[in-house]
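K.L.:
I'd like to go over a predicted model; first the sequence, then the structure.
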Amino acid sequence: MVAPVPYDRPPIQFGPSGQEATDPGRPYVGFDRHRVYSLHSLWQDSAYLLLGFPLALVAFVVMAALLALGGGLLITFVGVFVLTAAVFAARAFAIVQRGMLQRFLAVPSPRPMYRQAKGTAMRRAFSALGDPQSWLDILHAVVSFPVAVITWLVTVTWWTLTIGALSYPVWSTILRAEVRGGVHDLTDELGLSLWQGAAMYLALGLVAALLLPPLLRLMALLQGGLAQVLLCTRAEMQQRVTTLEESRASAQAAQTTELRRLERDIHDGPQQRLIRLQMDLARARRKMDSDPDGARDLLEAASNQTRDTLHELLNLSRGLAPPILVDRGLEAALRDRGLEAALRELCVRSTVPAELTVDILIPLPEEVETTIYFVATEALTNAAKHAGAGAAIIDVTSDGRTVTVTVADDGRGGAAPAPGGGLAGLSDRVAGLEGTLSVSSPPGGPTVVRAVLPCG
Amino acid sequence: MRVVVADDSVLLREGLSLLLGDGGHQVVAAVGDGPGLVAAAMEHRPDLCVVDVRMPPSHTDEGLRAAVEVRRHWPDAHILVLSQYVEQSYADELLGSGDGGVGYLLKDRVEDIDGFLAAVAQVAAGGTVLDPQVVAQLMGRRRHHDPLATLTPREREVLGLMAEGRANGAIAEALVVSLGAVEKHTQRIFAKLGLSPDDDSSHRRVMAVLAFLRA
């Protein structure tokens, strides 16, 4: 009898050190491929291309003027300020361009961190001039113009062609009626009757209409792609660096927390026992002559104490590195069997009866396996200690790029990561591997702990 | 003697109680945290409190805090503090909290039961006891011009034992020499180090030696 896993309430995501994370931070995806043949895409692409041209035109003109002026005046101080004005103008255009990418093409366009400087105007000018993104902005302002010309022309031409061909019967009839001297268009040139002409134009219009969406998409990709490459790649890099730094920080935090926990566990457990052992042995020594029976009892107690200490130390070392994983992990041939075997053993040893399902297709890196094991251990321990659960399930699945471990129990819920506690340590560990940990534990239960780790 | 024992570990509370029982003392209360110690000390007014430094709620120096607190309300309280590691600042704070009747020992000192019981008796009688390892650490510090260099090895031994809080008689016993020899040594030490002639009070002697060693 395994508890069902209702997931109706959205789980809370936890970031490093157990803080609640509101935005899991999707990695940069790239062009969002809307369906090419959709009216929505057509409008968006057309709007983007049509609006893009005037923007590019203005940007180009302003840039050319400022660059020429600034370059010419460079020998004097004024040149620097003019160039700075160019930089800021380019920056403004870049911001608008990024907005358009986002709005019309649904491309996530992160804004790069521009270099900030305080102080004198000179200092600010120089810092702006020294920022590589500034020059990328300027380059884009200049280079996007010819591209915009082409794409705009294609857009306008093809729209006209499509609408014109499809509405041929209408305007052709009007023209023929109104224009003196008749009309001599393609229909007449080919010697076709009016009906045949209409049919031909209709066919033409249909072909044009069919080609319109993909053609516009291509144009949008061209123009948008250029903008993306020049304006957004730096920002992506910066974001990546930040993410990596954060994950490294959480990995370090996790390690520190664990070391501290280890120190406390050793102090509270084996250390106390050994001191007591010292006391008992010293007392036994003293009693040897005066009270041999008493001494014998003390020695027996001391023997028990030693055995208990050994058990505690064994448990502690298990908490550091699960023995099976250490052994089997080294044998590449056995691969996932190591993790599955360790989890199976965990279920068997667990106070709360746990059912295990494992479905992994590819071998996992060692640190991922270890983290999965710890998630399972921590969740089961909490289920037994705090939630008073009667049953639990552990599920591990992988889709090639990520591996998801889910542990659910039917206990009384109410779990939350306290700072310095097990769940917080877990979320640090998971964040250290750039994974996500989410805990859904409403008061009254059930509790579901889910960790998603990248393994590609 | 009536003793109050304070340690957060049940194992050690029990062990200490049994040990003190063997030595003919009566454990009137055994507590597991700082506030508990203060309450028990004020209620029972024992001849001695044996206190572990690391206790809840802070798990850092709770025992020390409680000991100082007790001595604030009841200056004549005699307290022996046990610690797992040597912490100079604990020794300083304890010694500064009054005029004798305090001791600071490492937990593994209990292995020498006779020595432990002797320290218990000494602190209960108003003397001062400092763990040899604490003293060794102080004496081992290197200074610019080592004033201890002027002492003979024997005199350094005597100085160390003085810092541990032993009276002349106990020093004589430990070094297996006559009382008179020890007295001569101590006089020479005080002369060489430029300290004022020693008092009867062991506590003040310890303070003087420590002050010298720490300078």
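P.N.:
Okay, I see it.
K.L.:
need the strands for the stretch 301-450 of chain A, in chain order.
P.N.:
With DSSP state E, counting those that start in this stretch as the criterion, the stretch 301-450 of chain A has strands at A:354-359, A:392-398, A:402-409, A:436-440, A:447-454.
K.L.:
how about residue 47: what's its closest non-neighbour residue?
P.N.:
No chain specified, so I'll use chain A. Of all residues not flanking A:Ala47 in the chain, A:Phe104 sits nearest, at 5.5 Å (Cβ to Cβ, 6 or more residues apart in numbering or on different chains). Every C-beta, even on glycine, is put in place using the N, C-alpha and C of the backbone.
K.L.:
ah, I was thinking of chain B
P.N.:
B:Met1 (4.4 Å).
K.L.:
just the CA coordinates of stretch A:449-456, formatted as CSV?
P.N.:
Coordinates of each C-alpha in stretch A:449-456 appear next as CSV, following Å, rounded to 0.1, in the frame of the first residue of the first chain:
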residue,chain,number,x,y,z
VAL,A,449,10.6,16.1,-2.2
ARG,A,450,11.8,16.4,-5.8
ALA,A,451,15.3,17.1,-7.0
VAL,A,452,16.1,17.6,-10.7
LEU,A,453,19.8,17.4,-11.6
PRO,A,454,21.4,17.9,-15.0
CYS,A,455,23.4,14.9,-16.0
GLY,A,456,24.2,15.6,-19.7
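K.L.:
can you give me the offset of that stretch from its chain's centre?
P.N.:
12 Å (Cα atoms, centre = their mean, to the nearest Å).
K.L.:
one step back: same question for the helix or strand where the residue nearest to A:Ala47 lies: list its buried residues.
P.N.:
Taking DSSP states H and E as the definition, one finds A:Phe104 inside helix A:77-105. Across helix A:77-105, burial judged by 16 or more other Cβ atoms under 10 Å in any protein chain shown covers A:80, A:82-91, A:93-94, A:97-98, A:100-101, A:104-105.
K.L.:
which residues of the chain fall in helices?
P.N.:
You didn't say which chain, so I picked chain A. For chain A, applying DSSP state H gives helices covering A:39-72, A:77-105, A:121-130, A:132-166, A:168-178, A:186-189, A:194-266, A:272-290, A:292-320, A:323-329, A:337-349, A:366-382, A:422-432.
K.L.:
meant chain B actually
P.N.:
Going by DSSP H, chain B shows helices at B:10-22, B:34-44, B:62-73, B:88-95, B:113-124, B:132-140, B:153-163, B:168-175, B:179-193, B:202-214.
K.L.:
of those, flag the one that's most buried.
P.N.:
Highest mean neighbour count of these: helix B:62-73, a mean of 21 (counted as mean count of other Cβ atoms under 10 Å in any protein chain shown).
K.L.:
before we move on, the earlier item: the residue nearest to A:Ala47 against A:Leu42, yeah?
P.N.:
No - contact criterion Cβ atoms under 8 Å: A:Phe104 and A:Leu42 do not qualify, at 11.4 Å.
K.L.:
just name the shakiest helix or strand of the chain by mean pLDDT.
P.N.:
Defaulting to chain A. Lowest on mean pLDDT, DSSP states H and E among the helices and strands of chain A sits helix A:323-329, with a mean of 48.
K.L.:
let me rephrase: I mean chain B.
P.N.:
In chain B, no helix or strand scores lower on mean pLDDT, DSSP H and E than helix B:202-214, which sits at a mean of 74.
K.L.:
what is it packed up against?
P.N.:
The contact analysis (3 or more Cβ pairs under 8 Å, 6 or more residues apart in numbering or on different chains; DSSP states H and E) places helix B:202-214 against helix B:88-95, strand B:128-130, helix B:132-140, helix B:153-163.
K.L.:
looks like B:Ala66 contacts B:Val31 (just checking).
P.N.:
No - assessed by Cβ under 8 Å, B:Ala66 is found out of contact with B:Val31, at 9.4 Å.
K.L.:
now do the shared contacts for these two.
P.N.:
B:Ala6, B:Leu37 (Cβ atoms under 8 Å, 6 or more residues apart in numbering or on different chains).
K.L.:
now the residue of the stretch 301-450 of chain A found nearest chain B: how far from A:Leu259?
P.N.:
Closest to chain B within the stretch 301-450 of chain A is A:Gln305: 8.2 Å, counting by Cβ to the nearest Cβ. Relative to A:Leu259, A:Gln305 is positioned 27 Å away (Cβ to Cβ, to the nearest Å).
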